[in-house]
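Colleague: just need the structure, nothing else, for what follows:
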Amino acid sequence: MKPSTIQQATTAPLSWPALQHQVEALTEQCFSRASRFFRQPLKTPPIRFDLRGASAGQAVFRRQGRDESVWIRFNATLLQQNPQEFFSQVVAHEAAHVIAHYIYGRSIRPHGPEWQRVMREVLGVAPQVRHRMDVRQAARRTHRYGCGCESREHALSSIRHNRIVRQQQVYLCRACRLPLKYLGS
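Modeller: Numbering: from 1, shown residues only. Take a look at the predicted model:
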C-alpha cells in the first residue's frame, strides 16, 4: 500500500508479535478507510496466521444456513520472510476481498472489477492477483513417486499421497499410463 494511503510499516526487522500486530493494524486501517469511503460501518473480520503452502493470504467465507462466517488467513512463514510485500500488497489484497464481498455481495468474481475498484480507489493499491515471493521454504511438502518410465519422477502433494495411502485414488503417469508407486519423501 502507498504510504499516503495506509500507514507504511517500519523497515527494521520485526519480532513475530510485532509482525502480527503490524498486519492486524494495517488490516484495521483498510476497513476504516473503506468504512469512510462507502459511508457505512464495515467490521474487520478475525485474522489468523495459519495458512500454509504457497498462498500468502486467503479471505474465507463460510455459510451455514443463514449465518455467514468471514475471516482472513495469512501465511506466517511468508510474512516473516517477506514483511514488506505483506505490508505493501498482501494485507490490502485480502482486505479488499472481504470489503468487496460486504459491499457488492457474494456473487462477484474474486478478482473482478469490484475487487479491483476497492484496491485502486479505496485502498490506493495497484491490484495484483499473484505475489512474487520465493515460496520454496513455505511450499507444501511433496512425496516422490515413480512409474514405468525409466528416468521419470513425480512429486505429489500430501493430499494426493494420502488418497493413495487410503486407497481412495490411483494416479497414472501421463506418459506411460502406469500407476504411480511411492519412492519416499
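
Colleague: spit out the contact partners of the residue nearest the centre of the chain.
Modeller: Nearest to the mean C-alpha position of the chain, by Cα atoms, centre = their mean, lies Gly57 at 2.3 Å. Residues near Gly57 by Cβ atoms under 8 Å, 6 or more residues apart in numbering: 51, 72-75, 86, 90-91, 93-94. Any C-beta I mention is one placed from the backbone N, CA and C, and that applies to glycine too.

Colleague: just the helices in the chain please.
Modeller: 16-38, 76-81, 83-85, 91-104, 113-117, 158-165 (DSSP state H).

Colleague: average model confidence for the last one?
Modeller: Just to be clear, that refers to helix 158-165. Confidence over helix 158-165 (mean pLDDT, whole number) is 88.

Colleague: about what we covered before: distance to Arg136 and mean neighbour count added to the helices of the chain, as TSV?
Modeller: Shown next, in TSV, are the helices of the chain (distance: least, Cβ to Cβ, whole Å; neighbours: other Cβ atoms under 10 Å):
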stretch	distance to Arg136	mean neighbour count
helix 16-38	20	17
helix 76-81	10	20
helix 83-85	15	16
helix 91-104	21	25
helix 113-117	28	17
helix 158-165	16	15
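
Colleague: quick one: closest of these to Gly65.
Modeller: Gly65 lies closest to helix 91-104 among the helices of the chain, at 17.9 Å (Cβ to Cβ).

Colleague: read off the pLDDT value for the residue nearest to the centre of the chain.
Modeller: With respect to pLDDT, Gly57 has a value of 96.

Colleague: any idea how far the residue nearest to it when sequence neighbours are not counted lies from Pro127?
Modeller: With sequence-adjacent residues excluded and distances taken as Cβ to Cβ, 6 or more residues apart in numbering, Gly57 is closest to Glu94, at 4.1 Å. Look at Glu94 and Pro127: by Cβ to Cβ, to the nearest Å, they are 12 Å apart.

Colleague: what do you get for Trp115?
Modeller: Trp115 is 7 Å from Pro127, by Cβ to Cβ.

Colleague: list residues touching both of these two?
Modeller: Ala96.

Colleague: residue ranges in the chain under the pLDDT threshold?
Modeller: 1-12, 137-140, 185 (pLDDT under 70).

Colleague: dig out what Glu153 forms beta bridges with.
Modeller: Gly146 (DSSP bridges).

Colleague: tell me the contacts of it?
Modeller: Contacts of Glu153 by Cβ under 8 Å, 6+ apart are 144-146, 183.

Colleague: ok, now which ones touch the most far-flung residue of the chain relative to its centre?
Modeller: Within the chain, Glu150 marks the point farthest from the mean C-alpha position, 37.4 Å out by Cα atoms, centre = their mean. When contacts are counted by Cβ under 8 Å, 6+ apart, Glu150 touches no other residue.

Colleague: same question for His111.
Modeller: 127, 129.
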